[in-house]
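Trainee: pasting the sequence and the predicted model now:
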Amino acid sequence: GKFQTAADVEIVVIDVNDNSPECQQMQYTGKIPENALPGLFILRVSAQDADAGRGAQITYTFHGPGAREFRLDPHTGELTTLVPLDREQKATYHLLAKATDGGGRSCETDVTLTIEDVNDNAPRFSMAHYSVAVFHNTKVKTPIAVVFAKDPDEGYNAEVIYSLT
């Protein structure tokens, strides 16, 4: 006859990094008041990876003009301000967040940040000094000069009201 025997065999399937991270959103938008202090939380980018172990560990990085003015936490994806911002210098940031797994695979998502105006600028006259000569027989309400002032803020904050003192 034939002889048979049985044994338990444990098979361990080792995961290879065959999946790229998937960014949860294709685009993120955030608004930040220009008087925000460094460290202000703006938003959180997020990605997931179907791999296991090291291949599923995601690191976040931030890229583009002005990216150094913000901090993207490499582990949590939390985006915060890093420096004071000035809307009059730069009103909008178009940046890129990248999620990279432990094997080098990645996904990218657009991040658009809008800096909201606060009334942080005084209006300025177009000339430092205005000199006007008026004849003694000039009729009341006759225009005698044109002055102009501009405020670099926007909207209501940029409105200029004139008065004489």
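Mentor: On my side now, so go ahead. Everything numeric in this text was worked out from a predicted model, so none of it was measured.

Trainee: check which element follows the longest strand along the chain along the chain.
Mentor: Ranked by residue count and defined by DSSP state E, the top strand of the chain is strand 106-116. Using DSSP states H and E, the helix or strand that directly follows strand 106-116 along the chain is strand 124-125.

Trainee: list of residues touching that following strand?
Mentor: For strand 124-125, the surrounding residues in contact (Cβ atoms under 8 Å, 6 or more residues apart in numbering) are 147-151. The C-beta positions use only the backbone N, C-alpha and C, and glycine is treated the same way.

Trainee: list the contacts of residue 92.
Mentor: Residue 92 is in contact with 112-115, counting by Cβ under 8 Å, 6+ apart.

Trainee: same check on residue 100?
Mentor: Contacts of residue 100 (Cβ under 8 Å, 6+ apart): 21, 58-61, 106.

Trainee: returning to that earlier point: so which of the contacts of residue 92 is the closest to residue 93?
Mentor: Proximity of the contacts of residue 92 to residue 93 (Cβ to Cβ) peaks at residue 113, which lies at 4.3 Å.

Trainee: compute the distance between the closest residue to residue 84 other than its chain neighbours and residue 25, please.
Mentor: Distance criterion Cβ to Cβ, 6 or more residues apart in numbering; nearest residue to residue 84, sequence neighbours excluded, is residue 38 at 6.7 Å. As judged by Cβ to Cβ, to the nearest Å, residue 38 and residue 25 stand 25 Å apart.

Trainee: that older thread, buried subset of the contacts of residue 92?
Mentor: Buried members of those, counted by 16 or more other Cβ atoms under 10 Å: 113, 115.
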